[in-house]
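S.K.: Show me the folded form of this:
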Amino acid sequence: ASHSVAVTADGAVWSWGNGGQSRLGHGDEQNQLLPKKIEALAGRRVIAVSAGWQHSLAITADGAIWSWGNGGNGRLGHRDE
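M.R.: Numbers count the residues shown, from 1 in each chain. Predicted coordinates:
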């Protein structure tokens, strides 16, 4: 992957790298040279993250799955692409 995501001990999620296809989760396509907190997940306790080809995923402590980035071929699971 051309980007990275990480979760901290308190459940915050950070991402950095290539921002194309909104894969970083910051609401834009800007590249990030340094880790930046994903504000859309603030207040949710994330327990695991994964960086895919042009997308990312997170799972929260309550079992919710969040996905963002390129949804082609159904890779985000939103049933809309």
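S.K.: gap between the two ends of stretch 53-65?
M.R.: 18 Å (CA to CA, to the nearest Å).
S.K.: before we move on, what about stretch 12-30?
M.R.: Using CA to CA, the two ends of stretch 12-30 sit 20 Å apart.
S.K.: Report the distance from that stretch to the chain centre.
M.R.: 7 Å (CA atoms, centre = their mean, to the nearest Å).
S.K.: what does it contact?
M.R.: 1-8, 31-42, 46, 49, 51-52, 54-56, 58, 68-70 (CB atoms under 8 Å, 6 or more residues apart in numbering). C-betas here are computed from N, CA, C, even on glycine.
S.K.: So which of these belong to strands?
M.R.: Among these, the members falling in strands are 3-7, 32-37, 46, 49, 51, 55-56, 58, 68-69 (criterion: DSSP state E).
S.K.: Of the contacts of stretch 12-30, which qualify as buried by neighbour count?
M.R.: 3-5, 7, 32, 36, 38, 41, 46, 49, 51-52, 54-56, 58, 68-70 (16 or more other CB atoms under 10 Å).
S.K.: Against residue 62, how distant is the spatially most central residue of the chain?
M.R.: Central residue of the chain (CA atoms, centre = their mean): residue 56, 4.0 Å from the mean position. According to CB to CB, to the nearest Å, residue 56 stands 19 Å off from residue 62.
S.K.: How about residue 21?
M.R.: Relative to residue 62, and taking CB to CB, residue 21 is found at 27 Å.
S.K.: Look at these two and report which has more neighbours.
M.R.: residue 21 (16 against 8; other CB atoms under 10 Å).
S.K.: Surely the more buried one is within a helix?
M.R.: Yes - looking at residue 21 with DSSP: H, G, I helix; E, B strand; the rest coil, it is inside a helix.
S.K.: any idea of the pLDDT on it?
M.R.: If you check residue 21, the pLDDT there is 94.
S.K.: Kindly provide the distance from it to residue 53.
M.R.: For residue 21, the distance to residue 53 - CB to CB - is 9 Å.
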